[in-house]
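Q: Show me how the following folds:
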Amino acid sequence: MRIIMKDLPIKTIPQVEEFLKVNQGLAQFEIESNQEKYNFTREILLRFRYNKLSKNQKGLILRFLKYFTNYSKSHLKRLIKLWKKGNLRFKKNRKRNKFSVKYFATDIALLIETDVAHDCLSAEATKRILKREFRTFKNEKYENISKISVSHIYNIRNQSNQYNSSEAKNFKKTQATQVNIGKRKKPRPNGKPGYLRVDTVHQGDKNGEKGVYHINMVDEVTQYEMIASVEKITERYLKPIVKALLKLFPFNIYEFHSDNGSEYINKITAKLLNKLHIELTKSRSRHSNDNALIESKNGSIIRKMYGRNYISQKYAIIMNEFNQKYVNIYLNYHRPCGFAENKENKKGKIVKKYTEWITPYDKLKSLKNADKYLKKGITFKKLDQKAYEESDNEFAKKMQKEKKKLFKKIKY
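A: Okay, here's the model as predicted:
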């Protein structure tokens, strides 16, 4: 379609900006002839005195030219270079190497029809459907398009004006949410305590109401564990609980590792940990073992302690008091944990052998130069008083007695 410059009402940069805003997301209006595209580009550059424009204004002109010519940004920049030298002319008889057209408008229409019918499947699946239409269902009109490659299906989806002005453009493949908070890596403590694995355990739903949430933190080397219960996993509840739990560990914390859940991978947690000089990391994709330790503790500790039945959020406060007074002390000073060694079997496979069974506190004390890991003001002499004040059985019995009292108050 021919566009005559004198008839074009757009004569100022603000008008260009307004035009692009109004037409954003709409199908592009493309001039048909390449010669007219060149003429239009030259006249626009002259009208708006392109050389004297600011960087932002030049960007607007490039977008404006792209709308009418459908040339790429790089091609338009090449044309502008030619215009600056006074050589922007279209040569009618120039010889160019071109690929012959293999898939015509009718073929692309069949691809569009297929994508609309199937909600735009992957190119590999789409290719199989096109083949089946021709070979299995003997639909002759699919003969040519059935030969299309997977990569060229994506070319058409991304570059064809016919495709992008059709109903098929409404179907977009799911885009993974990219959250640039926390490093995606597996913690490597190298025998040093202070590398925490963190997760949340939900205590069931009932009649559309959410139950209480348990926050679980476990040190990878010593298996030192701290548990807290909260009503909801929102900033109001999580921030003070996370801060309080981190203070309960007797040693310095260096790394805070969780799965990719938004309750921890967010700006609030990142800011809190940054103040405490603790690195925030998250599990890698397709590496289910990255958080295996905390997942096993969720089952063997929290589920065993509280079960799987629904518990209302209103009981979170009394449950958390029970955690602080009894559960956390029991887990760290009175409950032995298994510590594995990696050994190679006859087939060359690495297997874990649980050769050491001691409490997390005893494990901490057994580390070489263990004193240097403790927080300022904390000594093993003080911790021994808490650890050996009561025997394992005495404290466990006391905890079970208090647990029965707690569950009598809880109504399911």
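
Q: Domains of this protein: list them as residue ranges, please.
A: 5-84, 115-170, 183-409 (automatic domain parsing).

Q: what's the distance between the shortest one and the middle of its chain?
A: I take that to be domain 115-170. Between the centre of domain 115-170 and the centre of its chain there are 30 Å (Cα atoms, centre = their mean, to the nearest Å).

Q: and that domain, what's its mean pLDDT?
A: Domain 115-170 shows an average pLDDT of 86 in the prediction.

Q: can I get the domains of the chain in JSON lines with mean neighbour count and distance to K91?
A: The way it works is simple: take the backbone N, C-alpha and C, and place the C-beta from them, glycine included. Supplementary listing: the domains of the chain in JSON lines, determined by neighbours: other Cβ atoms under 10 Å; distance: least, Cβ to Cβ, whole Å:
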{"stretch": "domain 5-84", "mean neighbour count": "14", "distance to K91": "9"}
{"stretch": "domain 115-170", "mean neighbour count": "15", "distance to K91": "24"}
{"stretch": "domain 183-409", "mean neighbour count": "16", "distance to K91": "51"}
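
Q: Now render the ones you listed as JSON lines, adding distance to S100.
A: Shown next, in JSON lines, are these (distance: least, Cβ to Cβ, whole Å):
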{"stretch": "domain 5-84", "distance to S100": "18"}
{"stretch": "domain 115-170", "distance to S100": "13"}
{"stretch": "domain 183-409", "distance to S100": "42"}
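
Q: Compare those domains and say which comes out lowest on pLDDT.
A: Across these, domain 5-84 has the smallest mean pLDDT, namely a mean of 82.

Q: wait, what's in contact with the spatially closest residue to K206 that is not a sequence neighbour?
A: Counting by Cβ to Cβ, 6 or more residues apart in numbering, Y310 is the residue found nearest to K206 once chain neighbours are left out, at 4.1 Å. For Y310, the contact set (Cβ atoms under 8 Å, 6 or more residues apart in numbering) comprises 203-206, 211, 412.

Q: tell me the SS of Y310?
A: Of the three states, Y310 takes coil according to DSSP: H, G, I helix; E, B strand; the rest coil.

Q: now what about the longest helix seen in the chain, what contacts it?
A: Longest helix in the chain by number of residues, with DSSP state H as the criterion: helix 392-409. With Cβ under 8 Å, 6+ apart as the contact definition, helix 392-409 has outside contacts at 305, 315, 318-319, 322, 325-327, 329-330, 333-335, 390.

Q: Now for those residues: which two are most distant?
A: Pairwise distances across the contacts of helix 392-409 peak at 26.6 Å for Y315 and E390 (criterion: Cβ to Cβ).

Q: my hunch is that G299 is in a helix, does that hold up?
A: Yes: per three-state DSSP, G299 lies within a helix segment.

Q: So what touches the strand or helix carrying I317?
A: Assigned by DSSP states H and E, I317 belongs to helix 316-322. By Cβ under 8 Å, 6+ apart, the surrounding residues in contact with helix 316-322 are 212-213, 228-231, 306, 311, 402-403, 406, 409.

Q: try 10 Å this time
A: Residues from elsewhere that reach helix 316-322, judged by Cβ atoms under 10 Å, 6 or more residues apart in numbering: 203, 211-215, 227-232, 237, 241, 244, 305-306, 311, 315, 327-328, 399, 402-403, 405-407, 409-410.

Q: Centre of the chain to it, how far?
A: Using Cα atoms, centre = their mean, the offset of helix 316-322 from its chain centre is 33 Å.

Q: before we move on, what about stretch 198-216?
A: The answer for stretch 198-216 is 22 Å, by Cα atoms, centre = their mean.

Q: now the strands: where do they sit in the stretch 1-150 of the chain?
A: In the stretch 1-150 of the chain, no strands are defined using DSSP state E, counting those that start in this stretch.

Q: V242 reaches I268, doesn't it?
A: Yes: taking contacts as Cβ atoms under 10 Å, V242 lies within contact range of I268: 9.2 Å.

Q: So for stretch 383-399, first residue to last residue, what's the gap.
A: 19 Å (Cα to Cα, to the nearest Å).

Q: Make residue 1 into 52 and carry on from there
A: Sure thing, new numbering starts at 52, so read that last one as stretch 434-450.
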